[in-house]
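In: Give me coordinates for this.
(chains A and B)
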Amino acid sequence: MWMGPYSVLNLLGLAIQSCFIQNILLFYFLGMCSYLACSNKLKTSNGLGLAVFVVMSLSGVLNWLVHNFITGEGALKWLTFTGINAAHINLSFLEFLIYISVIAAFVQVLEIVIDKFAPALYRALGMYLPLITVNCAILGASLFATVRAYPFVPNLVYVASAGLGWWLAIALIASIREKLTYSNIPAGLHGMGMTFVMTGLMALAFMGFTGIALDHISETDTYPLLVQEEQVQPEQNVKF
Amino acid sequence: MKLRHYYTDQIWKNNQILVAILGICSALAVTIKVNVALTMSLSVIFVTGFSSLFVSLIRNITPPNVRMIAQLAIISLFVIIVDQVLKAFLYEMSLTLSVFVGLIITNCLVMGRAESMAKNVSPLPAFLDGLGAASGYALILLIVGVIREFFGFGSLFDFPIIPKSWYATPEHPDRYVNSNLMALAPSAFFIIGAIIWLRNVLAKEEDL
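Out: As a prediction, this is how the structure comes out:
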C-alpha cells in the first residue's frame, strides 16, 4: 500500500515523467484558466505557481487517503473493527463531491494558516488562493492519481512533480509574454490570441518527449493506463 | 435587459471562451472528434444551466463566506448525475472522456456564471444565462471539433467524408494525406487562437 511494486528509480522516472514529459498543463491542458489569466508578469506567476504546487501536493495526499479509506471499492473494510461489515460498500459515485470539498476546505484552512503565520506570503498569494480551488489541475491530478491507482509514495511523488510541472509551465509562458509585449504582432492577435499560439508551440515542443515512458514499473513491466490511452494516433493510410 | 438576451448574448458577442477565456481546459482536451465534443457540450449545457438555476434559488439563504463551497456542492451534484448517466448509457464515451467529466466541476465557465450572474439574479434569467454561456462554449467546441476531425481523420462523427480513393497509396504517394498535427492537442490552441483573432477583427469592424 505504501510503496507498491515501485523502486526508488521508478519514483525518479515517475517524477520526470509527470513534470516534463506528461506535463499536466502542456500535455493534459489542465489549469488553463488561471494559467492564461495570471501569466502577465513573471513575479505573480511565480507566486501562483508556488501556491498551486503546495496545494496540489497536500490535497493530492488528502485525496489519496479519501480514496483508499472512504470512497474506493472495499475501502471501508477498516470499519470491521467496530463490528460493522462495510467491505462491500462502494461509494465511488461520491468521489467527485468529496474530492472537491476536500480541496476547497483545504484551501480555506491554508488561507487562514498562512494569514496567521506568514503575513508577507499571504499578501503575495492572498488573491490567488481562492482561485486555486477551481484550478482544474488540482482536481485533475487527484483524479489521474486515482485512475492510475498509485500507492502512497508514488502518489506523493506524482502530485508534487505535477505541481512543479505546472509551476514550470506558467513561469515559462510568463517570461515569454514579458518579451512579447515589445514585439510587433497583428493587432487582433494581441494578448490572448498570441498567448494561445505560443502555448500551442510550447506544447508541441513538449510533445517531442512523447513515447518516452519512464514511469513503468520495472518488475511487473506494465505500462500505466494513460500513456496508451492518450496517444490517439490518426489512422495511417499511407504505407511507404 | 430583455429576458432572451440572457441567452443570446453569450453565444457569440460575449462568448465565454473567446472573451473571458473561461473553460479552456476541456475545450482543448475533448475536441479530437466531433461526437466527443458534442457529448461534452451537452453535459456542460446541462450542468451549467441547472447549477445556475439552483445557485440562484438558494441565493438569499447562502451565507457569503461559504458560498464557494455551496456552489461547488451544487455543481458536483449535477456532474455526478452526468457521470452516472454516461457510464450507464454511453460506456464507451465515458471511457474516452475519462477524467474530463469530473473536471466539469472545476470548469471555470460553470463557476464563473454561478459567481458573476446566478447569485445576483432571479432563477429564470440565471437558468437562461447558464444555458447561453454553455451554448457559446458548445459552439466553439463544435467548430474546433469539426476542423480537427475533418483535417485530422478525414471524417465527421466517425463517418468518412473524404473518399478512400483520394488518399495516397504506395502507387500514388502524391495524393491527399491526413494532417497529423490536427490529431494532436496543440492544434486546438492554434484553432482557438485563430477564432479569437477572427472575433477581435469582426468586433472592431462593428465598432467603426
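In: quick one: residue A:1 from chain B, how far?
Out: To chain B, residue A:1 is 23 Å away according to C-beta to the nearest C-beta, to the nearest Å. All C-beta spots, glycine's among them, are computed from the backbone N, C-alpha and C.
In: That residue contacts residue A:65, doesn't it?
Out: No - contact criterion C-beta atoms under 8 Å: residue A:1 and residue A:65 do not qualify, at 11.3 Å.
In: okay, those two: which has more neighbours?
Out: Ranked by neighbour count (other C-beta atoms under 10 Å in any protein chain shown), residue A:1 and residue A:65 place residue A:65 first, with 13 against 7.
In: Say whether chain B is contacted by stretch A:140-156.
Out: Yes - using C-beta under 8 Å from any C-beta of the partner chain, stretch A:140-156 reaches chain B at A:140, A:143, A:144, A:147.
In: other SSEs contacting the lowest-mean-pLDDT helix or strand in chain B?
Out: In chain B, no helix or strand scores lower on mean pLDDT, DSSP states H and E than helix B:24-29, which sits at a mean of 74. Applying 3 or more C-beta pairs under 8 Å, 6 or more residues apart in numbering or on different chains; DSSP states H and E, we find helix B:24-29 packed against helix A:32-37, helix A:136-147, helix B:123-153, helix B:186-207.
In: Mean neighbour count, those: which tops it?
Out: Across the helices and strands packed on helix B:24-29, averaging neighbours per residue (mean count of other C-beta atoms under 10 Å in any protein chain shown) puts helix A:136-147 on top, at a mean of 26.
In: helices or strands up against that one?
Out: Using 3+ C-beta pairs under 8 Å, 6+ apart, helix A:136-147 sits against helix A:42-66, helix A:95-117, helix A:152-180, helix A:225-230, helix B:24-29, helix B:99-102.
In: switch to 7 Å and redo it
Out: Packed against helix A:136-147 by the contact rule (3 or more C-beta pairs under 7 Å, 6 or more residues apart in numbering or on different chains; DSSP states H and E) you find helix A:42-66, helix A:95-117, helix A:152-180, helix B:99-102.
In: Any idea which of those gets closest to residue B:83?
Out: Evaluated with C-beta to C-beta, the helices and strands packed on helix A:136-147 place helix B:99-102 nearest to residue B:83, the distance being 4.9 Å.
In: Tell me which helix or strand comes right after that closest one.
Out: Of the helices and strands lying after helix B:99-102 in sequence (DSSP states H and E), the nearest is helix B:108-113.
In: and that following helix, how far out from the chain's middle?
Out: Its chain's average C-alpha position is 12 Å from that of helix B:108-113, according to C-alpha atoms, centre = their mean, to the nearest Å.
In: residues in contact with that helix?
Out: With C-beta atoms under 7 Å, 6 or more residues apart in numbering or on different chains as the test, helix B:108-113 has contacts from A:33, A:134, B:16, B:20, B:22-23, B:47-48, B:51-52, B:71, B:75, B:104, B:129-130, B:133-134, B:137.
In: check contacts around the most centrally placed residue in chain A.
Out: Per C-alpha atoms, centre = their mean, the C-alpha nearest to the average position across chain A is that of residue A:141, at 3.7 Å. Residues near residue A:141 by C-beta under 7 Å, 6+ apart: A:24, A:56, A:60, A:159, A:162.
In: repeat that for 10 Å
Out: Taking C-beta atoms under 10 Å, 6 or more residues apart in numbering or on different chains as the contact definition, residue A:141 lies against A:18, A:24, A:28, A:30-31, A:52, A:56-57, A:59-60, A:63, A:135, A:155, A:158-163, A:165-166, B:99.
In: What distance do you get for it to residue A:21?
Out: Residue A:141 is 15 Å from residue A:21, where distance means C-beta to C-beta, to the nearest Å.
In: So residue B:38 lies in a strand, does it not?
Out: No - using DSSP: H, G, I helix; E, B strand; the rest coil, the assignment for residue B:38 is helix, not a strand.
In: For stretch A:45-59, give the mean pLDDT please.
Out: Averaged over stretch A:45-59, pLDDT sits at 87.
In: Do it and chain B come into contact?
Out: No - Stretch A:45-59 does not reach chain B (C-beta under 10 Å from any C-beta of the partner chain); its nearest approach is 12.2 Å.
In: how far away is the residue nearest to the centre of chain A from residue B:126?
Out: Using C-beta to C-beta, residue A:141 is found at 32 Å from residue B:126.
In: that older thread, what's the distance between the least confident helix or strand of chain B and the middle of its chain?
Out: Remark: helix B:24-29 is offset 8 Å from the chain centroid, using C-alpha atoms, centre = their mean.
In: again, but for stretch A:90-99
Out: Relative to its parent chain, stretch A:90-99 has a centroid offset of 19 Å by C-alpha atoms, centre = their mean.
In: Now it: buried residues?
Out: A:91, A:95, A:96, A:97, A:98, A:99 (16 or more other C-beta atoms under 10 Å in any protein chain shown).
In: before we move on, what about stretch B:94-109?
Out: B:94, B:96-109.
In: quick one, what contacts residue A:46?
Out: A:124, A:167, A:170, A:171, A:174.
In: err, residue B:59, not the other one
Out: Counted by C-beta under 10 Å, 6+ apart, residue B:59 has contacts B:67, B:70, B:114, B:118, B:119, B:120, B:121, B:122, B:123, B:126.
In: wait, doesn't the fifth one sit right on residue B:62?
Out: Same thing as residue B:119. Yes - Residue B:119 is in contact with residue B:62 according to C-beta atoms under 10 Å; the separation is 7.6 Å.
In: Work out the gap between the strand or helix carrying residue A:12 and the centre of the chain.
Out: According to DSSP H and E, residue A:12 maps onto helix A:8-16. How far helix A:8-16 lies from its chain's middle: 16 Å, per C-alpha atoms, centre = their mean.
In: between it and helix A:152-180, how many degrees?
Out: Angle, helix A:8-16 to helix A:152-180, by axes from the mean of the first three to the mean of the last three C-alpha atoms, to 10 degrees: 30 degrees.
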